[in-house]
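>>> Here's a sequence, model it:
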Amino acid sequence: MTVLPFPSKRASAFADVPDEKWNDWRWQLSHRLNTAEEIEKIIHLTDSERKALSTEHLFRVDVTPYFISLIDPDDPDDPIRKQVIPTDCEMVTFTSEMEDSLAEDKHSPVPGLVHRYPDRVLMLVTTQCASYCRYCTRARIVGDPLAQFSRHEFDLQIEYLKKTPQVRDVLLSGGDPLVLAPKILEEILTRLREIPHIEIVRIGTRVPVFMPQRITDDLCDMLQRFHPLWMNIHVNHSNEITKELAQATDKLTRAGIPLGNQTVLMAGVNDNVHIQRKLVQDLVRIRVRPYYLYQCDLVHGAGHFRTPVAKGIEIMEGLRGHTSGYAVPNYMIDAPGGGGKIPVLPNYVLSMSDHKIILRNFEGYIASYEEPTDYTPSMAAKYKGLKRPEPGQEGLTALLDGEKMVIKSEGFDEIHDRHGIQHRLKDEAKWKPLGIGKEKDL
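This is a model prediction of the structure:
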């Protein structure tokens with residue numbers, strides 16, 4: 001393994017902790033900090049932070065000793081600090097905030113299973129995390145021990161998957177699957193692999209970032225038994241990339257697990273093109289491909305993190321062409337109300353005609369691309385496989401396949417039906433009883 005210049009930090013308050021304990025993920029999990037008194041031993045709290053930490057009914061606070069050690073104790077604007085230490089800004093409401101902004105509950109056929117897209121599902125396997133992000137999309141359930149999923153609900157999830165053959169991809173999330181007891185995680189993966197039509201299993205986790213000690217050789221040996229298995233981690237700033245995280249991602253990639261990263265765009269944390277460029281370049285150095293840059297969701301308590309969408313487009317302008325293509329994530333808005341992920345891009349297409357398309361590049365260079373004039377739809381390759389089996393999901397695919405000419409919103413025909421009299425040439429028979437249609441009457 002190439003030695004990478006990433007730091008390794010431990011707060012002075014943990015200086016006497018033996019390495020054997022510090023490097024034990026169970027010790028990290030059982031020694032998380034969650035009160036103002038505990039946290040103030042590590043960092044100097046502001047009045048706003050102290051107020052939030054002493055307020056009841058705020059979203060749960062827990063930070064691993066490892067992760068809190070990465071915070072500059074004297075900098076109230078530290079980007080890691082803002083992600084895990086609450087402020088009184090969380091108590092301020094904002095327009096359009098929602099408890100379940102992505103309408104996941106609406107798309108749950110059984111508890112904990114979200115079937116939003118045709119061929120893949122989100123499987124929530126726990127409500128617990130190693131640490132808790134202040135902008136959490138699932139703050140309505142995450143962190144609440146009483147909201148934990150039961151064995152019966154897990155069985156219902158598996159049964160739904162068994163009888164839903166169009167599902168080929170299962171994403172394990174929560175909470176965080178990697179905080180589960182190893183035997184439970186292994187059982188979940190085993191039961192998923194027993195379902196013939198499940199092709200891919202993915203794990204969404206922030207444990208390698210919050211608690212890289214969890215990525216043990218034993219865990220990697222277990223995970224690689226269930227290939228093809230993919231993993232997305234969650235890094236928002238280069239300050240989170242340490243020697244320990246680099247070692248964890250090295251173990252995972254050596255176990256054959258492709259790694260991606262999801263970043264949330266947050267005001268005062270990473271809403272700067274130079275910060276984002278450094279982040280994506282540091283990620284690829286530890287063999288993690290930037291996957292998504294998310295617009296912050298409309299969840300309660302996260303209003304102070306939100307940026308205009310224009311800021312995200314500005315950042316994408318500063319990445320595309322300015323760094324390696326595989327280091328450029330997709331900028332996404334997870335549509336409020338359950339519309340799913342929608343990519344948002346700068347406009348690189350300036351105009352097009354029947355034979356030419358005008359493009360611009362990241363430098364403002366304008367080019368024309370001459371299109372073929374002899375291409376016809378009949379020349380397209382013929383697909384001989386079966387089409388997607390699920391009903392009612394044709395959407396845009398039906399337009400592309402030529403099966404539909406329009407897609408109408410619900411009630412469109414009723415709204416636009418004026419119930420008028422049809423033109424006589426449309427159906428002359430309807431006009432004759434009225435004595436209309438004869439030449440002498442015109």
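>>> wait, Tyr348 sits on Leu359?
Yes. Using C-beta atoms under 8 Å, Tyr348 is in contact with Leu359, at 5.8 Å. Quick note: C-beta positions are derived from backbone N, CA and C, even for glycine.
>>> Skipping adjacent residues, who's closest to Leu399 in space?
Distance criterion C-beta to C-beta, 6 or more residues apart in numbering; nearest residue to Leu399, sequence neighbours excluded, is Ile407 at 6.8 Å.
>>> Would you confirm that that neighbour contacts Thr397?
No. Taking C-beta under 8 Å as the definition, Ile407 is not a contact partner of Thr397, at 10.6 Å.
>>> where do the strands sit along this structure?
Counting by DSSP state E, the chain has strands at residues 113-117, 120-124, 169-173, 200-204, 229-233, 259-265, 289-295, 330-335, 340-343, 349-352, 356-360, 366-370.
>>> who's in contact with the closest residue to Phe305 other than its chain neighbours?
Using C-beta to C-beta, 6+ apart and skipping residues adjacent in sequence, the residue nearest Phe305 is Met266, 4.3 Å away. Met266 sits next to Lys82, Gln83, Tyr135, Asn236, Cys296, Phe305, Thr307 when contact means C-beta atoms under 8 Å, 6 or more residues apart in numbering.
>>> can you tell me which two in these are farthest apart?
Gln83 and Thr307 (14.9 Å; C-beta to C-beta).
>>> So for these two, which sits in the more crowded spot?
Gln83 (23 against 18; other C-beta atoms under 10 Å).
>>> What distance do you get for the more buried one to Lys163?
40 Å (C-beta to C-beta, to the nearest Å).
>>> Next, count neighbours for Glu331.
To be clear, residue 331 is Tyr; Glu isn't right here. So Tyr331, with other C-beta under 10 Å, has 22 neighbours.
>>> go on, the one 10 residues further on?
The local packing of Lys341 (other C-beta under 10 Å) involves 14 other residues.
>>> thought it was touching Tyr331?
No. Applying C-beta under 8 Å as the test, Lys341 and Tyr331 come out as separate, 10.3 Å apart.
>>> Identify the contacts common to these two.
Common neighbours of Lys341 and Tyr331 (C-beta under 8 Å, 6+ apart) are Tyr292.
>>> low pLDDT regions in this protein?
Scanning the chain for pLDDT under 70 picks out 1-3, 386-395, 420-442.
>>> domains of it?
Under the assignment automatic domain parsing, the domains of the chain span 12-91, 113-347, 350-396.
>>> can I get these in a markdown table with distance to Ala103?
As requested, the domains of the chain are arranged in a markdown table below (distance: least, C-beta to C-beta, whole Å):
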| stretch | distance to Ala103 |
| --- | --- |
| domain 12-91 | 20 |
| domain 113-347 | 3 |
| domain 350-396 | 17 |
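>>> Tell me which of these lies nearest to Gly402.
domain 350-396 (7.9 Å).
>>> Compute the first-to-last residue distance for the closest one.
24 Å (C-alpha to C-alpha, to the nearest Å).
>>> Kindly report the same for stretch 16-31.
Note: stretch 16-31 ends 14 Å apart using C-alpha to C-alpha.
>>> and what of stretch 4-11?
Span of stretch 4-11 from end to end, C-alpha to C-alpha: 21 Å.
>>> out of the strands of the chain, nearest to Trp27?
strand 229-233 (21.5 Å).
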